[in-house]
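Trainee: the following comprises the amino acid sequence and a computationally predicted model.
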Amino acid sequence: MSRHDVGSRSLDKTANEPIVVPEDAEHRLGETVRLLRQRAGLSIQDVAQRTGLSTGMISQLERALASPSVRSLRLLSVALGVPISHFFEPHAPDPSSQYVVRRNDRRLLRLTASGVLKESLTPAQGGALEFYELTLNPGASSGPDFVQHVGEKAVYVLSGRIRIWLDHEPHVLDVGDSVCFPSTVPHMFDNPEPTVARAIWVTTLHSGAPPRDG
């Protein structure tokens, strides 16, 4: 099965179908992190100091022996000076327009351990916003720790239920509910239900200030 076939299947998933992760997804993500680190002239120790992640975790991630949480990937994006969308799997853009993203041409980011799938809704060249569809397996989460970074976020729930903590206070969002908040507020999220949840997620790009634990 080709990557395109896997991607198309994920886009046509039913509300109760969990995320299926191809074996090469983690290898591609690990290789991307390693290349970005090397191009920036950083050692694994340098990245560990910038992110607060352990050197062992970063090494395992680069070798596809571990899958990062959403929070860890955000920390890495800031440390390496790229938007989180840079970690999405590449896909050929629509040749008819540089501004349009066709449904079957979405770039994907699969975080196995977290049970999270992100589908980019913005063109590869990026811009001021990160805009994507988020799918959460039952029990999936952004990770065990809160995160803060410069910018703003907005979430709109398409199906299922998502629980989001803002400044350590939980808020349960059902279908049709939305939330908008400064990303400097300590935040994290999960899917507390036994069914898959989906949401539209929008966030402004960081300005270079490192995220902090809440």
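Mentor: Perfect, thanks for sending it.

Trainee: is it true that residue 27 touches residue 64?
Mentor: Yes. Contact criterion Cβ atoms under 8 Å: residue 27 and residue 64 qualify, at 4.4 Å. The way it works is simple: take the backbone N, C-alpha and C, and place the C-beta from them, glycine included.

Trainee: neighbour count winner among those two?
Mentor: Neighbour count, other Cβ atoms under 10 Å: between residue 27 and residue 64, residue 64 has more, with 17 against 13.

Trainee: distance of the more buried one relative to residue 98?
Mentor: Residue 64 is 32 Å from residue 98, where distance means Cβ to Cβ, to the nearest Å.

Trainee: could you give me the average pLDDT of the helix or strand where residue 46 lies?
Mentor: Secondary structure assignment for residue 46, by DSSP states H and E: helix 44-51. In this model, helix 44-51 carries a mean pLDDT of 94.

Trainee: same question for stretch 65-73.
Mentor: Stretch 65-73 comes out at a mean pLDDT of 82.

Trainee: check which residues of it are buried.
Mentor: Within stretch 65-73, the residues scored as buried using 16 or more other Cβ atoms under 10 Å are 66-73.

Trainee: so which of the residues you listed sit within helices?
Mentor: Of the positions in the buried residues of stretch 65-73, 70-73 sit in helices, assigned by DSSP state H.

Trainee: closest to residue 194 out of the residues you listed?
Mentor: Closest approach between these and residue 194, by Cβ to Cβ: residue 70, at 20.7 Å.

Trainee: off-centre distance for stretch 111-124?
Mentor: On the basis of Cα atoms, centre = their mean, to the nearest Å, stretch 111-124 sits 5 Å off its chain's mean C-alpha point.

Trainee: and that stretch, what's buried?
Mentor: Buried residues in stretch 111-124 (16+ other Cβ under 10 Å): 111-112, 114-124.
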